[in-house]
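S.K.: have a look; sequence and predicted model below, questions after that.
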Amino acid sequence: MPGSWSELSDGQLRFVYRLLAQQYTSAEIRTKCLLRWSDTHVQAGNGKEYYLLRHHGETFDVSALQIAQIISHLRWLDELPASPVRIARFRLHRALPADFMGVPFELFLVCDNLYQGYLATKNDALLDEMGKVMYRCRNSRLPAEYRIGIFYWFAALKQYFARSFPHFYQPTKSDDANLLGAQSATNQVAEAMNAQIRALTKGDITKEKTILSLDTWRALTELDAQAKEYAELQSKYPTK
């Protein structure tokens, strides 16, 4: 049995995301994953106290309490992945690296803009647009499990970046609320994106094209260093 998100195969990820898309409860998802991943089948049961299971030709009774105890080991499915994971392919299209290493900064900004827009509006079309970038494809609509997968992938990526670049990524009110009015969210994201570009170009617009083509990790490393220097300067010379 896998012990973390990072151990899941593409098929296992699709299965989990499909269950999430179908809005099963946490306990139902963990139970279905337990049975599928252990190649165990329910033969009979009263739905409350006991079940008759079959595994590799062997049949045995299991109580509902025993199942509840076993699925506790899959509780990590209730949380976002500690590091970004994704289904490696959508049809013939190969996904971007899960951690966006080597991905142009411009593509990260596009995805971040769409992601924040989705948090604000819950419009699935924005996840489809993210999918076009993250899977390098032209499909206008994605299957439900891929939409869930894209959301989990990018949400985990943002948390991963927050740990990797703690000076640059600071929590904001929008992080706490997770929901904003659509217009205010769009304006806030646009301002943040422009501020990141200005910080990297230092006001020289002739450098913008070069900055946008930078590796995402290189750009965020520079932004984090600038944020750290600014914080140190503020601590030495606090404003009155």
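M.R.: Arrived safely. Here the structure is a predicted model, which means the values were calculated and not measured. Numbering: from 1, shown residues only.
S.K.: quick one: secondary structure of P84?
M.R.: For P84, the secondary structure call by DSSP: H, G, I helix; E, B strand; the rest coil comes out as coil.
S.K.: isn't it right up against I150?
M.R.: No. Counting by Cβ atoms under 8 Å, P84 stays clear of I150, with 11.0 Å between them. To be clear about C-beta, it is placed using only N, CA and C from the backbone, and glycine gets the same treatment.
S.K.: of these two, give the one with the bigger neighbour count.
M.R.: Taking neighbours as other Cβ atoms under 10 Å, P84 and I150 compare with I150 leading, 29 against 22.
S.K.: so the more buried one sits in a helix?
M.R.: Yes. Secondary structure of I150 (three-state DSSP): part of a helix.
S.K.: buried set for stretch 101-121?
M.R.: 103-121 (16 or more other Cβ atoms under 10 Å).
S.K.: er, stretch 51-61 actually
M.R.: For stretch 51-61, by 16+ other Cβ under 10 Å, it's Y51, L53.
S.K.: if I look at F105, how far off is Y146?
M.R.: Distance, F105 to Y146, by Cβ to Cβ, to the nearest Å: 24 Å.
S.K.: can you check A82 too?
M.R.: Counting by Cβ to Cβ - A82 and Y146 are separated by 21 Å.
S.K.: those two: which is more packed in?
M.R.: Y146 (25 against 14).
S.K.: what mean pLDDT does the helix or strand harbouring C111 get?
M.R.: Taking DSSP states H and E as the definition, C111 sits inside helix 105-121. Per-region confidence: helix 105-121 scores 92 on mean pLDDT.
S.K.: renumber starting at 58 from here on
M.R.: In the new numbering, first residue 58, that becomes helix 162-178.
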